[in-house]
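*Asks:* Pasted the sequence and its predicted model underneath.
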Amino acid sequence: MSVKINKSLCNGCGNSKESRCMRVCPGNLIYKNKDNQAEIRDKRECWDCAACVKECPRQAIEMYLPVEIGGRGSTLQAQDLGDKIVWKLNKLDGSVEEFNIQNKLWFNSNL
């Protein structure tokens, strides 16, 4: 799998030194380019953990799903709504499926 950062959506999380995706990437693969946008150093080094996909507040990061798991070029995007994460599966035919996953961090903090 690999991630793609949509430059038309990414604002680098404003003027902060580190974007949110930079902070959560366990492989230290994301940096800010000269245009203050997030960029991945080497897609081949990506761990496919999807941390950056979930963390991006602008849904500017997508993860490609490989053919081996039926992706055939489909992509995943995530939106963290606090109590849940909405995953969007963007299929090649233009259709979109949504999956709502309860955010355990929110859930556990309310016990």
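*Replies:* All right, it came through fine. Numbers count the residues shown, from 1 in each chain.

*Asks:* Which of the three states applies to K54?
*Replies:* Following DSSP: H, G, I helix; E, B strand; the rest coil, we place K54 in the helix state.

*Asks:* List phi and psi for Y64.
*Replies:* When read as degrees, to the nearest 10, the backbone of Y64 gives phi -80, psi 140.

*Asks:* so where's the chain shaky on pLDDT?
*Replies:* 1, 66-71, 104-111 (pLDDT under 70).

*Asks:* and the gap between K7 and G73?
*Replies:* From K7 across to G73, the span is 20 Å (CB to CB, to the nearest Å). No exception for glycine: its C-beta is placed from N, CA and C like everyone else's.

*Asks:* Let me fix that, I meant to ask about R20.
*Replies:* In terms of CB to CB, R20 sits 27 Å off from G73.

*Asks:* again with N6
*Replies:* When N6 is compared with G73 (using CB to CB), they lie 16 Å apart.

*Asks:* quick one: which of these two has more around it?
*Replies:* N6 (15 against 11; other CB atoms under 10 Å).

*Asks:* Ramachandran coordinates for the nearest residue to the more buried one once chain neighbours are set aside?
*Replies:* In space, not counting the residues next to it along the chain, N6 is nearest to A60; the distance is 4.7 Å by CB to CB, 6 or more residues apart in numbering. Main-chain dihedrals, A60, degrees, to the nearest 10: phi -90, psi -10.
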